[in-house]
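**Q** Need the 3D shape of this:
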Amino acid sequence: MQVTLAVLADYAATTDQGKLVIAGVFETINAPALPATHPMMALVLRIAADPGESANHRLTLRLVDPDGVEVIPALDGEISFGEIHPQEGGRAQVILNMPGVLFTKAGAHSLEVLIDGRLEHSIELFVRLVPLVDNGFSGHQLH
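**A** Next up is the predicted model:
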């Protein structure tokens, strides 16, 4: 089992042909003050199963702050690879839209990907306090 792609983005979807469409990949949220609500972020995962592995696995996603405290409750579900090819294995794609996530602390956050209870991948997300600068634009949160 291997996570072959893991990103946070402003938007993600799949086409009718199963292709991933990802826009606005980021790893930093700049906030003028805390707490700060991030309007929308999408977690995009592509996971590969090895030949001989079972087709169904438990997937848990945890977003934790710098102190290891959950920012949102852990999300549990099942991921299915369908048929596992004897030589090629299987592939699965996951898109999780997370609207309105509230961040209360600055620093390095972690989005943990657990498969069958094992930590398989982690994405760092930095929340930085950056004062607003009047540049003629308003209402935009920078990534």
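
**Q** give me the beta-bridge partners of the residue nearest to the spatial centre of the chain?
**A** Centroid-nearest residue in the chain, with C-alpha atoms, centre = their mean: residue 43, separated by 2.8 Å. With DSSP bridges as the criterion, residue 43 is bridged to residue 8, residue 96.

**Q** Could you check the pLDDT of it?
**A** What the model reports as pLDDT for residue 43 is 97.

**Q** distance of residue 100 from residue 125?
**A** Residue 100 is 15 Å from residue 125, where distance means C-beta to C-beta, to the nearest Å. Where you see a C-beta, it was placed from the backbone N, CA and C, and this is true even at glycine.

**Q** out of these two, which sits in the more crowded spot?
**A** Set residue 100 next to residue 125 and count neighbours by other C-beta atoms under 10 Å: residue 125 wins out with 24 against 10.

**Q** one step back: let me see the contact set for the residue nearest to the centre of the chain.
**A** For residue 43, the contacting residues are 6-8, 61, 94-96, 98, 111, 123, by C-beta atoms under 8 Å, 6 or more residues apart in numbering.

**Q** can we see that at 10 Å?
**A** By C-beta atoms under 10 Å, 6 or more residues apart in numbering, the residues touching residue 43 are 6-9, 12, 61, 63, 75, 94-98, 111, 113, 123, 125.

**Q** same deal with residue 48?
**A** So residue 48 contacts 1-5, 81, 88-92 (C-beta under 10 Å, 6+ apart).
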